[in-house]
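Trainee: predicted structure and sequence below. I'll ask about it afterward.
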Amino acid sequence: PFVCLSVLLPRKKFIYHYKNLRWARGRCETYLCFVIKKRAGPDSLSFDFGHLRNRNRCHVELLFLRYLGALCPGLWGYGVTGQNRTSYSITWFCSWSPCADCSFRLAQFLNQTPNLRLRIFVARLYFCDMEDSREREGLRVLKKAGVHITVMSYKDYFYCWQTFVARNQSKFKPWDGLHQNSVRLARKLNRILQPCETEDLRDAFKLLGL
C-alpha cells in the first residue's frame, strides 16, 4: 500500500498540481506531501517524508489517516492510561485545501489525539468562493482543533521542490504570478479564518452609517 510514500514526484507533475493558479481547471486530484517528526527523546527528533494522492474515490486526507498507524508507531500508546504515547508533529503540503467532510473528520480525529500536531500548507483553496460554503466552515473547524493552516509561499514551494521532487539538480523556477497569487490566497484564507472579527466590523460600520 505504500507505493507512493517513498517515490519522489516528477517535476512536471509537481508543477502542474501545485501551481497556485486563479482558475486551476482539470486538476481533480489532490496531492499531499508530508513530513513527520517524532519526538524520540528530550533532545532527539526522527524525520520521515513522502507523498500521497487520492485513490479509489478516497480523499487523500482520509487516506493518510488510514496509514497513520504504520507511519506513526506508538501514536496511541499502550494500555488505557495513555502513558508512553509518542508525540508527533506532522506537516502537510496540499495542492488543494481539504473539503468540508475531510475537515470535520480531521478535526474530530485530532481532538481525540492530543499527542499529534498538524500543520497544513495549501497551494489553492477548494470551493471557498461562496461566503457561506461548508468548505469555509470546515477550515474554521480545523483551526479550532488546533491546526495551523497557511497558504504556500515561494519558500514553501522551494522546500517542497528540494524535499519531494525528483529534480535531478535542477533549480526551482517560480512561475509568473506565484507571489501575487500566494498573497491573494493568503488574504482570502485570513478572512475565512477570522469571520467573526470581520462581521463585527461590518456591524460597526453599519452603526456608523459607513
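Mentor: Received it, and whenever you're ready, just let me know what you need. Bear in mind the structure is a predicted one, so any value in this text is a computation, not a measurement.
Trainee: state the mean pLDDT of whatever helix or strand residue 156 lives in.
Mentor: Using DSSP states H and E, residue 156 sits in helix 154-164. Taken as a whole, helix 154-164 has a mean pLDDT of 97.
Trainee: just checking, what packs against it?
Mentor: Under the contact definition 3 or more C-beta pairs under 8 Å, 6 or more residues apart in numbering; DSSP states H and E, helix 154-164 sits against helix 11-18, strand 31-41, strand 44-53, strand 88-96, helix 178-193. Any C-beta I mention is one placed from the backbone N, CA and C, and that applies to glycine too.
Trainee: need these in JSON lines with mean neighbour count and mean pLDDT, can you?
Mentor: Below are those laid out as JSON lines (neighbours: other C-beta atoms under 10 Å; pLDDT from 0 to 100):
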{"stretch": "helix 11-18", "mean neighbour count": "17", "mean pLDDT": "94"}
{"stretch": "strand 31-41", "mean neighbour count": "18", "mean pLDDT": "87"}
{"stretch": "strand 44-53", "mean neighbour count": "15", "mean pLDDT": "84"}
{"stretch": "strand 88-96", "mean neighbour count": "21", "mean pLDDT": "95"}
{"stretch": "helix 178-193", "mean neighbour count": "16", "mean pLDDT": "95"}
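Trainee: distance to residue 151 added to the ones you listed, as CSV?
Mentor: Below are the helices and strands packed on helix 154-164 laid out as CSV (distance: least, C-beta to C-beta, whole Å):
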stretch, distance to residue 151
helix 11-18, 12
strand 31-41, 15
strand 44-53, 19
strand 88-96, 11
helix 178-193, 4
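Trainee: closest one to residue 106 among those?
Mentor: Residue 106 sits nearest to strand 88-96 of all the helices and strands packed on helix 154-164, at 10.0 Å, using C-beta to C-beta.
Trainee: dump whichever helix or strand comes after the closest one to CSV, restricted to CA.
Mentor: Sequence-wise, the next helix or strand downstream of strand 88-96 (DSSP H and E) is helix 100-111. Output of helix 100-111 as CSV, limited to C-alpha atoms (Å, rounded to 0.1, in the frame of the first residue of the first chain):
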residue,chain,number,x,y,z
ALA,A,100,-15.7,20.2,4.3
ASP,A,101,-16.2,16.5,5.1
CYS,A,102,-12.4,15.9,5.4
SER,A,103,-12.0,18.9,7.6
PHE,A,104,-14.7,17.8,10.0
ARG,A,105,-13.3,14.2,10.1
LEU,A,106,-9.8,15.5,10.7
ALA,A,107,-10.9,17.9,13.5
GLN,A,108,-12.7,15.1,15.2
PHE,A,109,-9.6,12.8,14.9
LEU,A,110,-7.3,15.5,16.2
ASN,A,111,-9.5,16.2,19.2
